[in-house]
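A.B. asks: Okay, here's the prediction I keep looking at, along with the sequence it came from:
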Amino acid sequence: MQAIPASIGNREIFGLSKTAFLCSRHITSSAVLRCMDWASKQRDASVCVVSGFHSPLEKEVFYFLSKGSQAIMLILGRSLYKNPPEILLQMLGENRLLIVSPVSQSITRQSEQSILVRNKYIIRSADEVVFGALDKAGSLYPLYEDAVEEGKIIKILGQQ
């Protein structure tokens, strides 16, 4: 039996159908526009999105999603927040956020290794995986290959 990771928020979100969103830091402007359009559609359709919301574009997607009313699952590559930012506190109060940390709670800063653990957890948690941008030479490409092997439904919004 797999241990349940550290979390705060609405644990019922674990049971929802979820769409993962991952995006590299390097992305074309046309892919940015496709990602923002995608985020707006997810918000309007009340789709539960799971992500680390760490890269600049992932943060923008989170901002769009936070304006909706759907559930969101935030996966950290470090320990849980001791003092969550105000936007997260608001969403926790609305019972529509689950913050999960699948790494040791002694990790206070994200590292390459903890980010890999986080991203693998995001993919395992989702029914569908959306890559905002995918570069065959990038660090997300092996995760894309893993998701394909796992039989996940995959969408790629931009490629380099």
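C.D. replies: Yep, it's here.

A.B. asks: in this structure, which ranges drop under the pLDDT threshold?
C.D. replies: Low-confidence segments of the chain, defined by pLDDT under 70: 1-3, 159-160.

A.B. asks: middle-most residue in it, spatially?
C.D. replies: In the chain, the C-alpha nearest the mean C-alpha coordinate belongs to residue 51, at 0.4 Å (CA atoms, centre = their mean).

A.B. asks: That residue and residue 13: what is the separation?
C.D. replies: Per CB to CB, to the nearest Å, residue 51 is found 13 Å from residue 13. C-beta: built from backbone N, CA, C; applies to glycine.

A.B. asks: what do the two both touch?
C.D. replies: residue 73 (CB atoms under 8 Å, 6 or more residues apart in numbering).

A.B. asks: any idea what sits nearest the residue nearest to the centre of the chain, other than its immediate chain neighbours?
C.D. replies: residue 21 (4.4 Å; CB to CB, 6 or more residues apart in numbering).

A.B. asks: what number of residues lie near that neighbour?
C.D. replies: The number of residues packed near residue 21 is 28, by other CB atoms under 10 Å.

A.B. asks: how about the strands in the chain?
C.D. replies: Here the chain has its strands, by DSSP state E, at 6-9, 18-22, 48-51, 72-75, 97-101, 128-131, 153-156.

A.B. asks: what pairs with the residue nearest to residue 51 across the strands?
C.D. replies: Note on residue 21: beta-bridge partners by DSSP bridges are residue 130.

A.B. asks: so it touches residue 59, yeah?
C.D. replies: No. Contact criterion CB atoms under 8 Å: residue 21 and residue 59 do not qualify, at 11.2 Å.

A.B. asks: Which residues are in contact with each of these two?
C.D. replies: Counting by CB under 8 Å, 6+ apart, nothing touches both residue 21 and residue 59.

A.B. asks: which residues does residue 40 contact?
C.D. replies: Counting by CB under 8 Å, 6+ apart, residue 40 has contacts residue 64.

A.B. asks: returning to that earlier point: save the strands of the chain as a markdown table, and put in distance to residue 120 too.
C.D. replies: Putting the strands of the chain into a markdown table (distance: least, CB to CB, whole Å) gives the following:
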| stretch | distance to residue 120 |
| --- | --- |
| strand 6-9 | 16 |
| strand 18-22 | 11 |
| strand 48-51 | 12 |
| strand 72-75 | 10 |
| strand 97-101 | 13 |
| strand 128-131 | 11 |
| strand 153-156 | 15 |
